[in-house]
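1. Fold the following and give me the result.
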Amino acid sequence: MKKRTLLFTRLLAGGCLGVLAGVAVVQAQAEKGVTSYAPVAVTESVSSVISRMKAAKPEIMKRQQDLLAERYDLGNHPAKGVTMAKGKAVQEGVRVKLPKGMTWEKLARMSPEEIRDKNLFPAGFFPLPHPNHPEGGMLFPKFHIDEIKKQEARDLTRFDLDFDLPDHFLPEFPAPIYLTTRPDLGDVSKGKLVTINNYYELFSGILNPKQLEGVRLLVTPFPQQQFNQTEDRRSEQPSRGVTCFDCHANGHSNSTTHLVGDIRPQEFRHRLDTPTLRGVNIQRLFGSQRALKSVEDFTEFEQRAAYFDGDPVIATKKGINILDRGHQVHAMSEFMALLDFPPAPKLGIDGKLDPRKASESEMRGQEVFFGKAKCGVCHPAPYYTDNTMHNLRAERFFTPRMINGRMASADGPIKTFPLRGIKDSPPYLHDGRLMTLEDTVEFFNLLTETGLTEQEKSDLVAFMRQL
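-> Alright, predicted model coming up:
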């Protein structure tokens, strides 16, 4: 009895100390002005905000471009004879730059501790900041902005920022749309970007009325943090908002970037590279924090959370759109569940290569994938995802540091994304820090300490291009 009383006393004391420590942290943050909430009452005029942020834009964009140039070879170097589904060239080669005097082979032979202590972790492997990380928000590539302006006269231009990555590293636009229900039709988009202006003519007669209503909602603009009618928007004119398919263009991705809404303070929020919606019917985890377990959950809460940086207070101010679960959400998610991966003619029904169609390099790459490299542990066939999460613990290789307003530290668990159609979905990793498949192979070879040879790396890339 005395032992139990003593144990309880220690636990209580420890708990109290923990609570006191937590209170101290909160108080320290409060003293520094750190808060979970965005300001609701804005006292600065719209014209003043626009003038101030426009004036700051050139320096902010230069800082980001300097960072990208320091990290990567951003040249346009297409792989010979390798294209995405509708013909856009796939970029080849390792684009991440190494520290002076270092090679990938030498680096791979070093321990995580040695790389950390000698500050040799490649700059391109660090988390990628948003073009203006302290500000954040949805930011669209110019080609998408131009097409939406042409079709709808809706302007997705931000007066304070431009998209930062070169077009040749992004998915093809507009992307083809393949339906699980009508594989005989091939690309049902007919080479067009699906919008509120053309969705009906493209899909009437192919979809049932419920699915057609789902598409309508996916291309209907609703208010969002940066695009709305309030004085703290980031568009010059009051905006009708954004659509689901402004980021997931044609049910795929145009690499629109954003910051995840589930982390505070701002410097710890991850940049988000918009993932494709292809194959959501075989996925079981959704959302930046992977807390949503169905595409219906994701559809219902996306506009309440991600659209407004996970802040329901500011969402109320700017015009939150609450979807009806039984009608609107069901219709939207039913259509999204029809979005198929692009054709992979060299794969058999088991999702693996048909030896009669694959090259020797591709067959060797498949063996490395499921063997030495252990990629198949997390990415099993046929869809190349285990529908769970894994913590890569990249922070073993570096000491935390601030990079353009982004605190580079632990990423935590990351969803295992499907690798089917992976060559059509650059850039890679959850924040788009890896420009090519070759970069991705080097990243995982280092983090998993696999020790692949140059031939094995080349074969692995050849294999993944066929998925």
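2. pLDDT below threshold where in this structure?
-> Within the chain, the segments meeting pLDDT under 70 span 1-32, 288-290.
3. all strands of the stretch 101-250 of the chain, in order?
-> With DSSP state E, counting those that start in this stretch, there are no strands along the stretch 101-250 of the chain.
4. try the stretch 301-450 of the chain
-> 389-390, 401-403, 406-408, 414-415.
5. roughly how far is the last one from the heart of the chain?
-> To tie it back to what came earlier, the one meant is strand 414-415. 11 Å (CA atoms, centre = their mean, to the nearest Å).
6. what about Gly93, which SS state?
-> coil (DSSP: H, G, I helix; E, B strand; the rest coil).
7. buried set for the lengthiest strand in the chain?
-> For the chain, the strand reaching the highest residue count under DSSP state E is reported as strand 78-83. The neighbour-count check on strand 78-83 (16 or more other CB atoms under 10 Å) flags Ala79, Val82 as buried. Quick note: C-beta positions are derived from backbone N, CA and C, even for glycine.
8. Identify the bridge partners of Pro78.
-> Counting by DSSP bridges, Pro78 is bridged to Gln91.
9. Contact partners for it?
-> Contact analysis of Pro78 by CB atoms under 8 Å, 6 or more residues apart in numbering lists Ala89, Val90, Gln91, Glu92, His168.
10. and if we set it to 7 Å?
-> Ala89, Val90, Gln91, Glu92 (CB atoms under 7 Å, 6 or more residues apart in numbering).
11. where does it sit relative to Asp340, distance-wise?
-> From Pro78 across to Asp340, the span is 26 Å (CB to CB, to the nearest Å).
12. Could you report the neighbour count for Asn228?
-> 25 (other CB atoms under 10 Å).
13. swap in Val94?
-> 22.
14. okay, now the residue lying closest to Arg396 once chain neighbours are set aside: neighbour count?
-> Nearest residue to Arg396, sequence neighbours excluded (CB to CB, 6 or more residues apart in numbering): Pro112, at 3.9 Å. Neighbour count for Pro112, taken as other CB under 10 Å: 17.
15. Does Pro112 touch Phe398 like I think?
-> No: look at Pro112 against Phe398 with CB atoms under 7 Å: they stay out of range, at 9.1 Å.
16. Would you map the helices across the stretch 151-300 of the chain?
-> With DSSP state H, counting those that start in this stretch as the criterion, the stretch 151-300 of the chain has helices at 199-203, 209-218, 244-247, 295-302.
17. Look up how far Gly93 lies from Gly81.
-> 15 Å.
18. Contacts only, for the spatially closest residue to Arg216 that is not a sequence neighbour.
-> Spatially, and ignoring its direct neighbours in sequence, Arg216 is nearest to Tyr199 (6.2 Å; CB to CB, 6+ apart). Listed by CB under 7 Å, 6+ apart, the contact partners of Tyr199 are Val215, Arg216, Val219.
19. Okay, Thr257 and Gln328: tell me how far apart.
-> Counting by CB to CB, the gap from Thr257 to Gln328 is 27 Å.
20. Of these two, give the one with the bigger neighbour count.
-> Thr257 (24 against 18).
21. The more buried one bridge partners, please.
-> Leu139, Asp273.
22. Would you agree it is in contact with Leu272?
-> Yes: here Thr257 reaches Leu272: they are 6.4 Å apart, a contact under CB under 7 Å.
23. And the nearest residue in space to Leu392 that is not next to it in sequence, how far from Glu172?
-> Distances taken as CB to CB, 6+ apart place Leu447 nearest to Leu392, at 5.3 Å, with adjacent residues excluded. Applying CB to CB, the value for Leu447 to Glu172 is 29 Å.
24. For these two, indicate the residue with more neighbours.
-> Glu172 (20 against 15).
25. Burial check on the closest residue to that one other than its chain neighbours, number of neighbours?
-> In space, and not counting its chain neighbours, Glu172 is closest to Lys88: 3.6 Å by CB to CB, 6+ apart. Residues lying near Lys88 (other CB under 10 Å) number 18.
26. Next: Ser48.
-> 11.
27. For it, which three-state class applies?
-> Applying three-state DSSP: Ser48 is helix.
28. Might one say that Asp313 is in contact with Ala41?
-> If you look again at residue 313, you'll see it is Val, not Asp. No: applying CB under 7 Å as the test, Val313 and Ala41 come out as separate, 11.2 Å apart.
29. Of these two, which one has the most company?
-> Val313 (12 against 7).
30. how far away is the nearest residue to Pro345 once chain neighbours are set aside from Ile422?
-> Leaving aside its chain neighbours, Pro345 sits nearest to Lys357 (6.9 Å; criterion: CB to CB, 6+ apart). Per CB to CB, Lys357 is found 18 Å from Ile422.
31. more neighbours, those two?
-> Neighbour tally, Lys357 and Ile422, criterion other CB under 10 Å: the higher count belongs to Ile422, 20 against 12.
32. okay, which residue is most central for the protein?
-> Asp273 (2.4 Å; CA atoms, centre = their mean).
33. Wait, that one touches Asp431, no?
-> Yes: applying CB under 7 Å, one finds Asp273 in contact with Asp431, separated by 5.8 Å.
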